[in-house]
Structure formats: structure tokens, C-alpha cells
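Asker: Got a predicted structure plus its sequence, pasted below:
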Amino acid sequence: MSNGYTDLTFHEFQAKINKRDSLKIIDLRTPSSFERGHIKGAINIPYPTWSKLPKVSAEEEVVIICYVGMASRKASERLAQSHGQVFNYTGGMAKWQGEMETGKIGSKWNADRIHNLAVGLLLLPALPLSLWNPWWGVTYSSVIAFGNLLCGVANYSLITRVIRSFGFK
């Protein structure tokens, strides 16, 4: 115990997670880093946004984690001034060896975005085709554009349906 909080090793932290009795895990990293991978059940409260301390009930144990353990040490010290059960995971996510979850599939790559990417990729050959033979380039890009327009009018797209079959929303 130092400065009102306790440092945890990976195995000590893992034991607390397995016990799971009123444990709150606060991840201090940026939202994009958190989305790329975090400990299951962790909540993301980036440390620079801590103008006020996060709300924690008196019976909760709080484990704070960051990238490498520097910011979590400062945040643990600060939170320990008003809360009795604060733990700092030393080493941060850089040393985390346990299970992680990522942001929900399709959170950034949704079906519409992938559909637009697919249509763009389909249209790429139009440029070399039009350099080789303008008629072929115009015809090719017109067919792709017309097909995409029809899908928009009919509100049905085979490309989007295939993308959604992979779990994207």
C-alpha cells in the first residue's frame, strides 16, 4: 500500500476479476485505444477528463488501468483520497495477458461504410478502361452507377446484405 492505494500484479488482478464481487475497472486510455481492446467489463473514463472524480459507491473495489501504469498511479492516488478500496494495475494494458474484448463489431466499419468502399473499388477500373477506350470506361462506370442507383431506389442491396451477413450493422 502506498499513498492510499494498492498496486496489483497481473495474477492479483486476475484473482479479483474472477471473484467479481463489486469490482469496478476504470480504463483511463483514450476512447479509440479502449475500443481497440480492453478488459471485459471495464468502463472508459479517460484521465484527462477527470475534472471531477468518477462516482464510486463505498462498497465497490476500484481497479484503475492505463497504457503502462503511469496515469493509473496518479489517478489511483487521487481517487484514494476519497475512496478506501482503490487498486492500481501496474504495467497497464501493455502488460495485460488476460482476455480482452474489443468495440462491437462494425462500430466503425458499418455496412454503409463498407458498401461505399466496395462501390468505390468497383469503380476504380473505370479510369484505366476510359484511357484505353473511352466508350468502355463510360459504359462500365455507368453500369455500376445505375446498379447502385437502382439499389438505392429499391432500398435493397446485395452487397449490403452480404456485408450484414458477416455481422456488420
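Answerer: Looks like it came in fine. Bear in mind that the values here come from a model prediction, so they are computed numbers and not experimental data.
Asker: Flag the shaky bits of the protein, pLDDT-wise.
Answerer: The chain contains residues with pLDDT under 70 at 1-2, 103-108, 167-169.
Asker: Could you give the separation of the longest helix seen in the chain from the chain centroid?
Answerer: What stands out as the longest helix in the chain, according to DSSP state H, is helix 134-154. Distance of helix 134-154 from the chain centroid (CA atoms, centre = their mean, to the nearest Å) equals 36 Å.
Asker: Show me what that helix is packed up against.
Answerer: Contacts defined by 3 or more CB pairs under 8 Å, 6 or more residues apart in numbering; DSSP states H and E place helix 134-154 against helix 111-123, helix 126-132, helix 158-165. Every residue, glycine included, has its C-beta placed from N, CA and C.
Asker: Ala145 is nearest to which of those helices?
Answerer: Closest approach to Ala145 among the helices and strands packed on helix 134-154 (CB to CB): helix 111-123, 7.8 Å.
Asker: could you check the angle helix 134-154 makes with that closest one?
Answerer: Interaxial angle of helix 111-123 relative to helix 134-154 (axes from the mean of the first three to the mean of the last three CA atoms, to 10 degrees): 160 degrees.
Asker: ok, and the closest non-adjacent residue to Met6?
Answerer: Small correction: residue 6 is Thr, not Met. Nearest non-adjacent residue to Thr6, counting by CB to CB, 6 or more residues apart in numbering: Phe87, 5.1 Å away.
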